[in-house]
Each structure stands twice: as C-alpha cells, then as structure tokens.
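A.B. asks: task: produce atomic coordinates for the following.
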Amino acid sequence: MGGPRVRLGTMGGSKDVLVFDDDMRRRVRADVAARHPVDDRERRSVTQFLDLFDRLDDPFSQHADAVHVTGSALVTGPRGVVLLKHKRLGIWLQPGGHIDDGETPWDAARREAAEETGLDVHRAGPSDAHGVPALLHVDVHPGGRGHTHLDLRYLFDGGTADPAPPADESQDVAWFDWGDAIGRADPGLAGLLMHLRPVPEPP
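C.D. replies: Okay, here's the model as predicted:
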C-alpha cells in the first residue's frame, strides 16, 4: 500500500487531530469486530464488512474501489427520527454518503447529515477519550452505480428545527415519530430503529 497517508479528522467538531490511515484502518476494524448486532441483517453485515474491508488497499476512498466505506448519521431528537427519501433510489433512509479525502467516517456522517437536512446536528451518545463516537450500526448494501457500501452509522442529535435541505438535495426530508420511521425505513435501517425505539413510559 505504500507509506501511510495522513488524514485530517475533526473528530466531530473538536480540535483537529492527525489520524494516519493505518491507525484508522485498525480503529474501524476493531469497532466493527466489537459490534453486538441488533439483528440477523447486521450480523451478516459485520461478517461481510470484515471480509471485504480486509481486501481493500484504501477502504475509505470511493475512487479506489467500487467497494468502500461510507458514513451515515442516525439523526434523532425530541421530534423523533429524521429520514430522507433518496432521489434516485426512492427509498427512505438516514442521511449519509461517501467519505471525502481527509475525513473520518464519523466526520463524513456529520457533514452529510448537515448537508442533506440543513439541520445543525451534534454528536450524541458515548465517545472515547479521543472524542471518537461509538459505532452505532453496520450495514453492507448496494450503493448504486455498481458500488457496494460498507456503511458505518453514528448517532447525532438534530435538535427540534424543521429540516431545510438545499435545492440540490432531496426535498423529501422530515421528522417522523419512531413508529412511522420504522414503517417507512429501508430494511437495512428498520432493525436499528426497532432496537433503539424508546420504551413508552407507563401511565
């Protein structure tokens, strides 16, 4: 693979840190291997991820191979869950997409969420001493154009504002209560939503 290239990662908005590709590979692989899958689909995805990931020279680049890592954001808040209808695929998904050069997967998830929803999103859930957020979910799926996405998902707080996507993004973006979100979501996301759905408080 040659010498390690330096990637600049913001760790979700905190102080810039330098992250080497080799370190990133080890970290991502360890996080995926440590997942406790929420359902059979994620269990299969973890196995596929590790098998495919280990074969890639540059797993974070969409240009290096049709199989590559992507970053997604599960955006939640008091109003429920934010979903968007993919313009090309016509299915309801979480925001997310390809990782730009110099990004970590969680940076990409946050950027994509902000770009696609217009919301001021903030990292939610636990993170480690280095500010790396916990991996929430893994899903391997076709990404269109012959791509296979090794999708890493992280949790973000979207506040309470209405989504305001820019003109070049899908305009079908909205908050849904958990039940509606589960009913609309792509099967690769529905299992996670069912797992995370808040338990109603007793009357």
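A.B. asks: wait, Ala113 sits on Val121?
C.D. replies: Yes - between Ala113 and Val121 there is a contact at 4.7 Å, judged by Cβ atoms under 8 Å. Every residue, glycine included, has its C-beta placed from N, CA and C.
A.B. asks: below-threshold pLDDT in this structure: ranges please.
C.D. replies: 1-20, 201-202 (pLDDT under 70).
A.B. asks: all helices for it, in order.
C.D. replies: 21-33, 40-53, 105-117, 178-184, 187-196 (DSSP state H).
A.B. asks: look up phi and psi at Asp128.
C.D. replies: Backbone torsions of Asp128, given as degrees, to the nearest 10, read phi -90, psi -170.
A.B. asks: that older thread, which one of Ala113 and Val121 is surrounded by more residues?
C.D. replies: Ala113 (28 against 25; other Cβ atoms under 10 Å).
A.B. asks: which residues touch that one?
C.D. replies: Going by Cβ atoms under 8 Å, 6 or more residues apart in numbering, Ala113 touches 73, 75, 82, 95-96, 119, 121, 156, 158.
A.B. asks: indicate which one of the helices of the chain is closest to Pro165.
C.D. replies: When the helices of the chain are compared by Cβ to Cβ, helix 105-117 sits nearest Pro165, at 6.0 Å.
A.B. asks: now that closest one against helix 21-33, angle please.
C.D. replies: 80 degrees (axes from the mean of the first three to the mean of the last three Cα atoms, to 10 degrees).
A.B. asks: pick out the residue nearest the middle of this structure.
C.D. replies: Centroid-nearest residue in the chain: Ser72, 1.8 Å away (criterion: Cα atoms, centre = their mean).
A.B. asks: do I have it right that it meets Ile99?
C.D. replies: No - in this structure Ser72 lies outside contact range of Ile99 using Cβ under 8 Å: 10.8 Å.
A.B. asks: which one of the helices of the chain is the most hemmed in?
C.D. replies: Among the helices of the chain, ranked by average contacts under mean count of other Cβ atoms under 10 Å, first place goes to helix 105-117 (a mean of 24).
A.B. asks: how far away is the residue nearest to the centre of the chain from Gly97?
C.D. replies: 8 Å (Cβ to Cβ, to the nearest Å).
A.B. asks: what touches both of the two?
C.D. replies: Common neighbours of Ser72 and Gly97 are listed as Glu112 (criterion: Cβ under 8 Å, 6+ apart).
A.B. asks: ok, back up a step: so what sits against both of Ala113 and Val121?
C.D. replies: Joint contacts of Ala113 and Val121 (Cβ under 8 Å, 6+ apart) are 73, 75, 156, 158.
A.B. asks: adding distance to Pro126 and neighbour count, write the residues you listed out as JSON lines.
C.D. replies: Putting the shared contacts of Ala113 and Val121 into JSON lines (distance: Cβ to Cβ, whole Å; neighbours: other Cβ atoms under 10 Å) gives the following:
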{"residue": "Ala73", "distance to Pro126": "16", "neighbour count": "30"}
{"residue": "Val75", "distance to Pro126": "17", "neighbour count": "30"}
{"residue": "Phe156", "distance to Pro126": "13", "neighbour count": "30"}
{"residue": "Gly158", "distance to Pro126": "18", "neighbour count": "26"}
